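J.: Need coordinates for the below:
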Amino acid sequence: QVQLVESGGGLVQAGGSLRLSCAASGRIFSINAMGWYRQAPGKQRELVAVVSSGGKPDYADSVKGRFTISRDDAKNTVYLQMDSLKFEDTAVYYCNAQGIAYSALSYSAFNSWGQGTQVAVSS
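T.: A predicted model of the protein is given here:
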């Protein structure tokens with residue numbers, strides 16, 4: 001089983017910045033994609049940004065030019081630097097990781113989610 005622990009959410013004024021972190025732990029053989037999703041009240045969860053191992057990051061149109069996703073494979077950690085925050089960025093942000101986990105007998109795919117961290121932007 002692979003666990004994800006997020007940190008870095010909070011309350012910030014419009015135009016400000018926040019940095020989210022998400023660390024994966026457990027029996028991880030490899031991580032393919034790591035990404036961030038968000039869910040605002042009354043709305044569906046949506047992709048914010050994702051980066052595959054050795055790949056180019058992909059962003060939602062609404063955050064391009066303002067958010068930057070990066071990963072540290074040595075630490076199994078993904079970051080989301082959020083600049084020029086807007087009121088509409090207010091949501092619970094969830095970390096996601098997909099890859100291969102191992103056990104004593106076999107390997108298996110995993111698709112894990114963090115518990116979510118609240119980001120609130122005041123206008």
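J.: confidence score at G55?
T.: Per-residue confidence at G55 stands at 81 (pLDDT).
J.: Next, count neighbours for it.
T.: Counted with other CB atoms under 10 Å, the neighbours of G55 add up to 10. The C-beta positions use only the backbone N, C-alpha and C, and glycine is treated the same way.
J.: Ramachandran angles for the residue of the chain most remote from its centre?
T.: Distance from the centre of the chain peaks at L105, with 30.0 Å (CA atoms, centre = their mean). Note on L105: its backbone torsions stand at phi -110, psi -20 [degrees, to the nearest 10].
J.: Over to S108?
T.: Here is the backbone geometry of S108 (degrees, to the nearest 10): phi -150, psi 150.
J.: Apart from its chain neighbours, what residue comes closest to it?
T.: Leaving aside its sequence neighbours, S108 sits nearest to A101 (CB to CB, 6 or more residues apart in numbering; 5.7 Å).
J.: okay, now the one you found: neighbour count?
T.: Look at A101: counted by other CB under 10 Å, it has 18 neighbours.
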